[in-house]
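Engineer: return a 3D structure for these sequence lines:
(2 chains)
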2 protein chains.
Amino acid sequence: MKELMTNPIAEGFRMPGEFEEHEATLILWPERADNWRNGGKPAQEIFAKLANQISLYEKVYVGVNDRQYANARSLLDDSVTLLEISNDDSWVRDCGPTFVKNDEGVIRGVNWGFNAWGGLVDGLYFPWDKDQMVCPKFCEALGKDYYNLEEFILEGGSIHVDGEGTLITTKACLLSEGRNPDLTQEQIEEILKRTLNLEKIIWLENGIYLDETNEHVDNIIHYVAPGEIVLSWTDDEDDPQYELSKAAYDVLANETDAKGRKLKIHKMMLPTPILITEEESRGVDSIKGTLPRLEGDRLAASYANFYIANGSVFVPQFDDPNDVLAIELISEIFPDRVVVPIYAREILLGGGNIHCITQQVPK
Amino acid sequence: MKELMTNPIAEGFRMPGEFEEHEATLILWPERADNWRNGGKPAQEIFAKLANQISLYEKVYVGVNDRQYANARSLLDDSVTLLEISNDDSWVRDCGPTFVKNDEGVIRGVNWGFNAWGGLVDGLYFPWDKDQMVCPKFCEALGKDYYNLEEFILEGGSIHVDGEGTLITTKACLLSEGRNPDLTQEQIEEILKRTLNLEKIIWLENGIYLDETNEHVDNIIHYVAPGEIVLSWTDDEDDPQYELSKAAYDVLANETDAKGRKLKIHKMMLPTPILITEEESRGVDSIKGTLPRLEGDRLAASYANFYIANGSVFVPQFDDPNDVLAIELISEIFPDRVVVPIYAREILLGGGNIHCITQQVPK
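Structural biologist: Down below sits the predicted model:
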């Protein structure tokens, strides 16, 4: 396979929307005991369930550290392909490849720089060297060349695209001190545009309250079709999230996309705030250098962190009254896809959700 | 991918000859400093050269431990696919899959038990748990199901087949105390026959003198076509190898194969005995539990340890006057293949040669 230092846009590549057809889904296996409670066992069960269920709709590749290979194999169906891919944690959306595609259907990876959501400034663990190799290894195993953009720090979860020239992101994340402090907003736009083939970048100020990723956009909105998004919402004006969602709405409602369209915005009600229990906190190893999981901490729960696969949508559920609203909204938006509810508290406890632990390979 | 506990022969599978068409070649990356001198650097160079050269003729997959991934990538051509496959050492012929094929062209692996050439009796290193997983991991990455025969200890280098029902092996290895001491010769025959689809097994007593694998057959003979083999030979009656080669010749010359054919035997002159130098010995770490590499030890050098790939044959060379005889003989036997000489002292120093570090995937 080839490492390319050239320019995707100049070679006719663009990043497709998640809702376009997939060749496969990538997932990484969770195990670190300083992030996943009880030695990762509850998380492994839900990751396996998700991988097995997605594999009913499209090919699934799961990457795993050697020491967990046999265990992962025992929990995954035969339809899932397990690959040894060393990693520091299981957030493939963020450390793994973003894929671009050209008109001939050639698929290539993009290897962004990864520094565990903020490096030595406010990163969530140290080191992250194995995560940085996840993209090259997955690309090689899948037979895809990749563009190397390691010099530019970006996580896949901090961007959403419509596949037609528009990208939405948050300033809280992309302009954070721990990522590319030497680049201006304009320079960052420039890199994104020439890498993913974009004409318009829409900047929200914030994402979800207390989101430890510096507020990734994929936790607050989700592109569901060109010109159409869902936005995480609360009507509780006393919740700090209210102002963040309101401000995002105001930006989105007043913007047009690369094609000059106004955006259709679906408000998606957030669940009631979810806090870490004492028992959950006790299950996580304390390790110097890793963000602790303390009793009573509010988690950045959001239904917008769903995942669109071929003919299907996998939606987080929290045993909350609003679960059903999320399912109903997604079902309305995607009448032709099977909507699969996934009880996702265990993923949330690790710091993200279904969208964060999946990455689509376009067809 | 599927792990199968069923019976290859009952499902119409057989092990093809190495000279039949290949889909690919598997190789593992060398690194252990208690076996490969100077931190494995000289061996890595020759393994990379071999992989790169084979990739001119067929697809090559190289498996590598995570810590050597970037280094291997830097030495391998883009045409070679590098996969993270943890291993204890780089003898894919012995620890990796043996492949079988059916009439519809389906390819499946066979996962033999592996115990580092003799386990706790006279194995060459400890532990060997990562080697045991090489077959399942390669099979999964290549999209092949595999038969699990882990209960039966066998290395791929201890057998040679003609693809038409005949297998040749050595008693010194297959009946050794460190492998399957509870099985009789007849029981071992039975397992081999039903797994690889054989009717006839030809037993040589010995292989190459001082061969640390308990005298693997692939160092003394090589099937080059159905009914046709090369046999390592010396005319020096004072060399302990003389009696071993002579005895093998007597067995082979008086046998018929599964199809009732007499075997055509090409005598292949061995190189002058090759000893480990003081400098070479000094370059290897001493580790309790690993076979030491001592100055003056005689190495089990043999030209028969070559590798047949699509349209090509890769032949060990030792900077010996007999090098040219080996090349001439192989060129005569394979007039339609490119014969590629490979200076192989660095592989030999690790305890094997080109055939030991390669494994064919039939097409």
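Engineer: need the residues of the stretch 1-150 of chain A near chain B, please.
Structural biologist: Residues of the stretch 1-150 of chain A found near chain B (Cβ under 8 Å from any Cβ of the partner chain) are A:1-2, A:66, A:69-70, A:73, A:78, A:81-86, A:130, A:133, A:136-137, A:140-141, A:143. In this view, the C-beta of every residue, glycine as well, is placed from N, C-alpha and C.
Engineer: weed out the non-buried ones from those.
Structural biologist: By neighbour count, with 16 or more other Cβ atoms under 10 Å in any protein chain shown, the residues of the stretch 1-150 of chain A next to chain B hold A:1, A:66, A:69, A:73, A:81-86, A:130, A:133, A:136-137, A:140-141 as buried.
Engineer: what's the most distant pair in those?
Structural biologist: Farthest apart among these by Cβ to Cβ are A:Met1 and A:Arg73. That separation is 25.0 Å.
Engineer: in whichever strand or helix holds A:Tyr147, what counts as buried?
Structural biologist: Under the criterion of DSSP states H and E, A:Tyr147 resides in strand A:146-153. Residues A:146-149, A:152-153 are the ones in strand A:146-153 that count as buried (16+ other Cβ under 10 Å).
Engineer: any idea how far the very next helix or strand once past that strand is from the chain center?
Structural biologist: As assigned by DSSP H and E, the chain's next helix or strand after strand A:146-153 is strand A:159-161. Mean-position distance between strand A:159-161 and its chain equals 10 Å (Cα atoms, centre = their mean, to the nearest Å).
Engineer: parallel or antiparallel, list what pairs with strand A:159-161.
Structural biologist: With DSSP bridges as the test, strand A:159-161 is paired with strand A:166-170 (antiparallel).
Engineer: neighbouring contacts of the partner strand?
Structural biologist: Applying Cβ atoms under 8 Å, 6 or more residues apart in numbering or on different chains, the external contacts of strand A:166-170 come out as A:158-161, A:192, A:196, A:198-207, A:214-217, A:220-221, A:223, A:226, A:229, A:252, A:257-259.
Engineer: ok, of these, which come out buried?
Structural biologist: A:158-161, A:192, A:196, A:198, A:200-204, A:206-207, A:214-217, A:220-221, A:223, A:226, A:229, A:252, A:257-258.
Engineer: can you list which of these are found in strands?
Structural biologist: A:159-161, A:200-204, A:221, A:223, A:229 (DSSP state E).
Engineer: the nearest residue to A:Ile342 once chain neighbours are set aside sits in which helix or strand?
Structural biologist: Spatial nearest neighbour of A:Ile342, excluding adjacent residues (Cβ to Cβ, 6 or more residues apart in numbering or on different chains): A:Phe314 at 5.3 Å. Remark: A:Phe314 resides in strand A:312-317, with elements defined by DSSP H and E.
Engineer: by contact count, what packs against that strand?
Structural biologist: Secondary-structure packing of strand A:312-317 (3 or more Cβ pairs under 8 Å, 6 or more residues apart in numbering or on different chains; DSSP states H and E): helix A:41-54, helix A:323-333, strand A:338-343.
Engineer: let's go with 7 Å and repeat that
Structural biologist: Under the contact criterion of 3 or more Cβ pairs under 7 Å, 6 or more residues apart in numbering or on different chains; DSSP states H and E, strand A:312-317 touches helix A:323-333, strand A:338-343.
Engineer: export these to JSON lines and tack on mean pLDDT and mean neighbour count?
Structural biologist: Formatted as JSON lines, the helices and strands packed on strand A:312-317 follow (pLDDT from 0 to 100; neighbours: other Cβ atoms under 10 Å in any protein chain shown):
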{"stretch": "helix A:323-333", "mean pLDDT": "98", "mean neighbour count": "17"}
{"stretch": "strand A:338-343", "mean pLDDT": "98", "mean neighbour count": "17"}
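Engineer: nearest to A:Tyr61, out of these?
Structural biologist: Taking Cβ to Cβ, strand A:338-343 is the member of the helices and strands packed on strand A:312-317 nearest to A:Tyr61, at 18.8 Å.
Engineer: angle of that closest one against helix A:323-333?
Structural biologist: 160 degrees (axes from the mean of the first three to the mean of the last three Cα atoms, to 10 degrees).
Engineer: contacts for whatever helix or strand comes next after strand A:338-343?
Structural biologist: Per DSSP H and E, the first helix or strand lying C-terminal to strand A:338-343 is helix A:345-349. Residues outside helix A:345-349 that contact it (Cβ atoms under 7 Å, 6 or more residues apart in numbering or on different chains): A:37, A:42-43, A:46, A:274, A:276, A:280, A:293, A:299, A:301, A:318, A:353-354, A:357.
Engineer: could the residues you listed be laid out in JSON lines, adding secondary structure?
Structural biologist: JSON lines is the format used below for these (DSSP: H, G, I helix; E, B strand; the rest coil):
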{"residue": "A:Arg37", "secondary structure": "coil"}
{"residue": "A:Pro42", "secondary structure": "helix"}
{"residue": "A:Ala43", "secondary structure": "helix"}
{"residue": "A:Ile46", "secondary structure": "helix"}
{"residue": "A:Ile274", "secondary structure": "strand"}
{"residue": "A:Ile276", "secondary structure": "coil"}
{"residue": "A:Glu280", "secondary structure": "helix"}
{"residue": "A:Arg293", "secondary structure": "coil"}
{"residue": "A:Leu299", "secondary structure": "strand"}
{"residue": "A:Ala301", "secondary structure": "coil"}
{"residue": "A:Phe318", "secondary structure": "coil"}
{"residue": "A:Asn353", "secondary structure": "coil"}
{"residue": "A:Ile354", "secondary structure": "helix"}
{"residue": "A:Ile357", "secondary structure": "helix"}
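Engineer: among the residues you listed, the buried ones, what's the ChimeraX command?
Structural biologist: To isolate the buried ones among those in ChimeraX, judged by 16+ other Cβ under 10 Å, type:
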select /A:37,42,43,46,274,276,280,293,299,301,318,353,354,357
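Engineer: all helices of chain A, in order?
Structural biologist: Here chain A has its helices, by DSSP state H, at A:41-54, A:69-75, A:92-95, A:119-122, A:129-132, A:134-142, A:171-174, A:185-196, A:240-253, A:278-282, A:323-333, A:345-349.
Engineer: pick the most buried one from those helices.
Structural biologist: For the helices of chain A, the largest average neighbour count (mean count of other Cβ atoms under 10 Å in any protein chain shown) is found in helix A:92-95, namely a mean of 27.
Engineer: for it, output the C-alpha coordinates as PDB.
Structural biologist: Provided in PDB are the C-alpha atoms of helix A:92-95 (Å, rounded to 0.1, in the frame of the first residue of the first chain):
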ATOM      1  CA  VAL A  92     -11.900   4.600  15.800                       C
ATOM      2  CA  ARG A  93     -13.900   7.600  14.600                       C
ATOM      3  CA  ASP A  94     -11.200   9.800  16.100                       C
ATOM      4  CA  CYS A  95      -7.900   8.000  15.700                       C
END
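Engineer: for that helix, name the packing helices and strands.
Structural biologist: strand A:22-28.
Engineer: outside of the strand it packs on itself, list whatever touches it.
Structural biologist: A:47, A:51, A:54, A:58-63, A:85, A:87, A:90, A:92, A:96, A:107, A:134, A:138, A:309-310, A:357-363.
Engineer: for it, list the C-alpha coordinates in PDB.
Structural biologist: Extracted in PDB, the C-alpha atoms of strand A:22-28 (Å, rounded to 0.1, in the frame of the first residue of the first chain):
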ATOM      1  CA  HIS A  22     -20.800   1.800   2.700                       C
ATOM      2  CA  GLU A  23     -18.300  -0.900   1.800                       C
ATOM      3  CA  ALA A  24     -17.700  -1.600   5.500                       C
ATOM      4  CA  THR A  25     -17.600  -0.400   9.100                       C
ATOM      5  CA  LEU A  26     -14.500  -0.200  11.300                       C
ATOM      6  CA  ILE A  27     -14.600  -0.700  15.000                       C
ATOM      7  CA  LEU A  28     -11.800  -1.000  17.700                       C
END
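Engineer: right, I'll call it a day here.
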